[in-house]
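K.L.:
Let me see the structure of the following:
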Amino acid sequence: MTIDEELNLLDSQLRRLKIEYEIYFNNPTKRPPTDIEWKVLSLLRKFSDGGRLSFSQRFRYNEMAQRYAIYSDLWRKKTRIREEGYRRPQDAILSVQGVRPEQHEIAQHPVYGVSSDGAAAAPAREPFTVHCSDTAAEKDKVQSLFHALVEAKKKNGEALGNNASLDSFSAFVAKKTQQLRKQYGCSSVEYSVEMADGHVKLKAKAKT
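P.N.:
Residues are numbered from 1 along each chain as shown. Reported below is the predicted structural model:
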């Protein structure tokens, strides 16, 4: 099985796990889907170092790992409420409605890992970054940055705006790189795709 096929499997298992947990929380006689969660965790562990992944594969893995971290945090809270009973009015709301992933601040959630109490535990995911100094000779970097930005905005339900095509995006990056190198006298510019205030941002900063 190729890496892309295993990432497809991870995505499929994660979707199934979410459905099974929803069934579990709505049915008092159901057992938690620990077997499916074990499969998800096994795949997350397999690619956690990112060493064998391409830029796009690493970005996709990080998105799924982040999604699992958000879900597992919610499931842990709902499981505690289910076992201990409702203590506050907001606990009842949480148990019935759940919490949409977009209500969480992404930076507050770890990407991957399980501590001794079953909680997710690892550093927050790093943004996708590339360094550019001569964009004409670094078309592969610009293309990878464009695809990472497109995928992130698509997953977050955002429009691409003025840089919807690779050509317009490449022109923007070329102009920005030239501008920052001239302004700061730096050798290269670091571009990053990251989440800020619930929105996908492309950030640029001078690098010596």
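K.L.:
Could you pull out the buried residues of stretch 169-187?
P.N.:
169-170, 172-174, 176-177, 180-181, 186 (16 or more other CB atoms under 10 Å). Heads up, the C-betas are built off the backbone N, CA and C, glycines and all.
K.L.:
tell me the mean pLDDT over it?
P.N.:
For stretch 169-187, the mean pLDDT works out to 88.
K.L.:
how close does Ser72 sit to Ala137?
P.N.:
43 Å (CB to CB, to the nearest Å).
K.L.:
Could you do Glu20 as well?
P.N.:
When Glu20 is compared with Ala137 (using CB to CB), they lie 49 Å apart.
K.L.:
With Tyr24 instead?
P.N.:
Tyr24 is 54 Å from Ala137, by CB to CB.
K.L.:
Of those two, which one has the most company?
P.N.:
Between Tyr24 and Ala137, counting by other CB atoms under 10 Å, Tyr24 is the more crowded of the two (18 against 9).
K.L.:
Tell me the spatial nearest neighbour of the most centrally placed residue in the chain, not counting adjacent residues.
P.N.:
For the chain, the residue sitting closest to the mean C-alpha position, by CA atoms, centre = their mean, is Glu63 at 2.5 Å. Spatial nearest neighbour of Glu63, chain neighbours left out: Lys155 (6.1 Å); criterion: CB to CB, 6 or more residues apart in numbering.
K.L.:
Now for the one you found, how many residues are close by?
P.N.:
With other CB under 10 Å as criterion, Lys155 counts 13.
K.L.:
quick one: low-confidence parts of this protein?
P.N.:
For the chain, applying pLDDT under 70 flags the ranges 28, 83-126, 162-163.
K.L.:
Tell me the buried residues in whatever helix or strand the residue nearest to the centre of the chain lives in?
P.N.:
Per DSSP states H and E, Glu63 falls inside helix 55-84. Within helix 55-84, the residues scored as buried using 16+ other CB under 10 Å are 55, 57-75, 78-79, 81.
K.L.:
gap between it and the chain center?
P.N.:
10 Å (CA atoms, centre = their mean, to the nearest Å).
K.L.:
Equivalent analysis for stretch 144-160, please.
P.N.:
That offset, for stretch 144-160, works out to 12 Å (CA atoms, centre = their mean).
K.L.:
ok, now stretch 35-49?
P.N.:
Using CA atoms, centre = their mean, the offset of stretch 35-49 from its chain centre is 16 Å.
K.L.:
Can you point out the buried residues in that stretch?
P.N.:
For stretch 35-49, using 16+ other CB under 10 Å, the buried residues are 36-37, 39-41, 43-44, 47.
K.L.:
With respect to Lys207, which of those residues is nearest?
P.N.:
Phe47 (27.9 Å; CB to CB).
K.L.:
so what's Gly161 up against?
P.N.:
By CB atoms under 8 Å, 6 or more residues apart in numbering, the contact set of Gly161 is empty.
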